[in-house]
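1. Model the structure of this input:
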Amino acid sequence: RPGVRVPRGTREALIPQSHNEAAPGFRVRLRHTHELSAEFRGQLRDFLETAFDGDFDADDFDHALGGVHVTVEDATGLLGHAAVVQRRVVVGDFDRATTVRTGYVEAVAVAAHARRRGIGATLMAEVDRIVDAGFDMGLLAASDQGMPLYLRRGWTPWTGRLGVYSPTGTQMTPDDDGCVLARLTAASVDVDLTSRLYCDWRDGAPW
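-> The predicted structure follows:
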């Protein structure tokens, strides 16, 4: 949406992709962070910094670690990346609050030269499968460019207010309202998307 700040929590660097789910000639790999070699981590950091045109810092990279990495590669190397990292969020206030085990989507990126070839859709097909199989709910913060891709895949805008449990107490984050999308799974039937949503504190920005 025009005028809405893109949160630094979920970083994405892609343009709207086609509806093509397949990516012929591409190799899709799934690995946990602990399976990534130090060399590959360095390559991934360089890839993400380039894909985001330098607007990707150490905090952003740290937020993308500790979960499952989906990569799309060909003979030339990395073409796309997305990560699903576990976070616990709280839905509602006080006596009605519910803690939800969430798969948070981070560092969605497609190399500039490989865009508009269905790689974004290929990444998100795997992300959706991981979220549906392993979490109560999926969350991500979307940019204007990425929003159509996520909406096509069944992600739904969170319309309630957003906040964070900070070192100084609960704080609302109005600048982030309207940017977060949710993917409801079989385990999240009681989640109310109009409720307040609180995430844990972390360096950089919460969402």
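2. Spatially central residue in the protein, please.
-> V105 (2.1 Å; CA atoms, centre = their mean).
3. and that one, what does it touch?
-> Applying CB atoms under 8 Å, 6 or more residues apart in numbering to V105 gives the contacts T10, A82, A83, V84, V127, V131, G138, L139, L140. Yep, even glycine has a C-beta here, placed from its N, CA and C like the rest.
4. By residue count, what's the longest strand in this structure?
-> Counting by DSSP state E, the longest strand found in the chain is strand 77-91.
5. list the buried ones in it?
-> L78, L79, G80, H81, A82, A83, V84, V85, R87, V89, V90, V91 (16 or more other CB atoms under 10 Å).
6. How much space separates the residue lying farthest from the centre of the chain from Q171?
-> No residue in the chain sits farther from the centre than D95, which is 29.0 Å out by CA atoms, centre = their mean. Separation of D95 from Q171 (CB to CB, to the nearest Å): 20 Å.
7. And for Q145?
-> In terms of CB to CB, Q145 sits 28 Å off from Q171.
8. mind showing which ranges of the chain have poor pLDDT?
-> In the predicted model, the chain carries pLDDT under 70 at residues 1-24, 204.
9. And the strands in it?
-> Taking DSSP E as the test, the strands found in the chain are 12-13, 27-32, 68-74, 77-91, 98-110, 137-141, 156-157, 162-166, 169-172, 180-184, 197-200.
10. Let's have those in JSON lines, adding distance to Y150.
-> Output for the strands of the chain, formatted as JSON lines (distance: least, CB to CB, whole Å):
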{"stretch": "strand 12-13", "distance to Y150": "9"}
{"stretch": "strand 27-32", "distance to Y150": "19"}
{"stretch": "strand 68-74", "distance to Y150": "15"}
{"stretch": "strand 77-91", "distance to Y150": "11"}
{"stretch": "strand 98-110", "distance to Y150": "9"}
{"stretch": "strand 137-141", "distance to Y150": "7"}
{"stretch": "strand 156-157", "distance to Y150": "9"}
{"stretch": "strand 162-166", "distance to Y150": "17"}
{"stretch": "strand 169-172", "distance to Y150": "24"}
{"stretch": "strand 180-184", "distance to Y150": "5"}
{"stretch": "strand 197-200", "distance to Y150": "17"}
